[in-house]
Structures are given as structure tokens and as C-alpha cells.
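Asks: sequence and predicted structure, then a few things I'm wondering about:
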Amino acid sequence: MPGATQELKLLDIREGDDFAGAHLQGSINIDLDGKFASWAGALLAHDRPIVLIGAPGSQQEATMRLGRIGYDNVVGYLADGMMALARSPHLVGRVQRITALSLHEQRQENVPICIVDVRSASEREGGHIADSIHVPLPQMLRHLDELPRDQKIVVHCAGGYRSAVAASLTCDAKLWR
């Protein structure tokens, strides 16, 4: 079925660190343990079927929580989670993580980096990284085309949850436009 996966939303419900380590390319990461329903409601469309990727057993919880907010379009899940892709490494993506110190050093060396602040406007008003661009996470999908593709993109938030979601949107942006 050519193009069939383009019609699906691949939703990875694992922790952001696990997603960064290895994920199915084209999937979006919304950790089941965080504000799952809020971010799923803000970022998913009701008109596309959803396939879940997570630890065995977590899919039922995710399906129930999605159903509570009106997403009754979960059509399946990746059996055995990411282990199902062990024989298909070409389908696996990774997100490089960076420390604040490493980011600072790279900026001092003039490495071209686009820093995207995905916090709310009120959080940003309290202080932000110089030269960062502000794209609150709920607006990220609408602004993917505006992000540069000729440099590293670093996303940040206050605690890591939103930046993990945003990283999943930006790392395979061509699949989510």
C-alpha cells in the first residue's frame, strides 16, 4: 500500500529519553506519563487513524485516555514496541540530545544553530535564550516550514517534556507537514 503510512499518525507514547534513543521515523512522541491528553488533543487530528508505539501493555491505557478526549480512531499498535524494528534499522531515527554547556560552547564557536523556545509566552517573558525563536508547542505544526533546514535545530522548554514532543515534530518534519 504505497503512501498508507502518510495517512496514519504514528504516536510514540514512550518517555522522551527512550524516543530520543530510537524511534520509528515519522512518529510523534507524546509521553503517556506526562500531560498526555492535553498534548494529544492539541497536536493530533481527529480525521487520521492512530497507530501506537509503546511498551507492551501501555497501548490499552493510551487508547482509553485518547478515547476520553474524543480520539476513537486508534487502529492498532506496533507489536513488541520498538523491538519489532530490530531487523529494520533503516526505519529507526534518533534525536541527538545536547547539554546547556555544550550548546553554549557550540554557540561560542559560531556553529549554526537555530534555538526554538517552545514554552508559553508568559514563560518566555520571564527570560529566554538570546537569539532564540519563540514557537509555543501548540503552534509548532503550523510553523515547521519556517524552521531552517541548513543548521541544527535545538528545542527547549522548562522541564524537558515539551521539548521532547517538539523534537519529535522537527526531526522528521518532512513527514509531518
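Replies: Right, received. Where do you want to start?

Asks: contact partners for Val118?
Replies: Counting by CB atoms under 8 Å, 6 or more residues apart in numbering, Val118 touches 135-137, 140, 155-157, 162-163, 165-166. Bear in mind the C-beta positions are built from the backbone N, C-alpha and C, glycine included.

Asks: inside strands: which ones of those?
Replies: Of the positions in the contacts of Val118, 155-156 sit in strands, assigned by DSSP state E.

Asks: of all the contacts of Val118, which comes closest to Trp39?
Replies: Comparing those against Trp39 with CB to CB places Val165 closest, at 5.9 Å.

Asks: just the element for the nearest residue to Val95 once chain neighbours are set aside, please.
Replies: Leaving aside its chain neighbours, Val95 sits nearest to Ala20 (4.0 Å; criterion: CB to CB, 6 or more residues apart in numbering). Using DSSP states H and E, Ala20 sits in helix 16-21.

Asks: which SSE is immediately downstream of that helix?
Replies: Using DSSP H and E, the helix or strand that directly follows helix 16-21 along the chain is strand 23-24.

Asks: report the mean per-residue pLDDT for the next helix or strand after that following strand.
Replies: Using DSSP H and E, the helix or strand that directly follows strand 23-24 along the chain is strand 28-29. Strand 28-29 shows a mean pLDDT of 95.

Asks: any idea how far strand 28-29 is from the chain center?
Replies: Relative to its parent chain, strand 28-29 has a centroid offset of 4 Å by CA atoms, centre = their mean, to the nearest Å.

Asks: just stretch 64-74 next, same as before
Replies: Centroid separation for stretch 64-74 versus its chain: 19 Å, with CA atoms, centre = their mean.

Asks: out of the contacts of Val118, flag the one nearest to Leu78.
Replies: When the contacts of Val118 are compared for distance to Leu78 (CB to CB), Val165 wins out at 18.8 Å.

Asks: I figured the closest one was touching Phe36, is that so?
Replies: No - using CB atoms under 8 Å as the test, Val165 is too far from Phe36 to be in contact (10.2 Å).

Asks: who has more neighbours out of those two?
Replies: Higher neighbour count among Val165 and Phe36: Val165, with 26 against 19, using other CB atoms under 10 Å.
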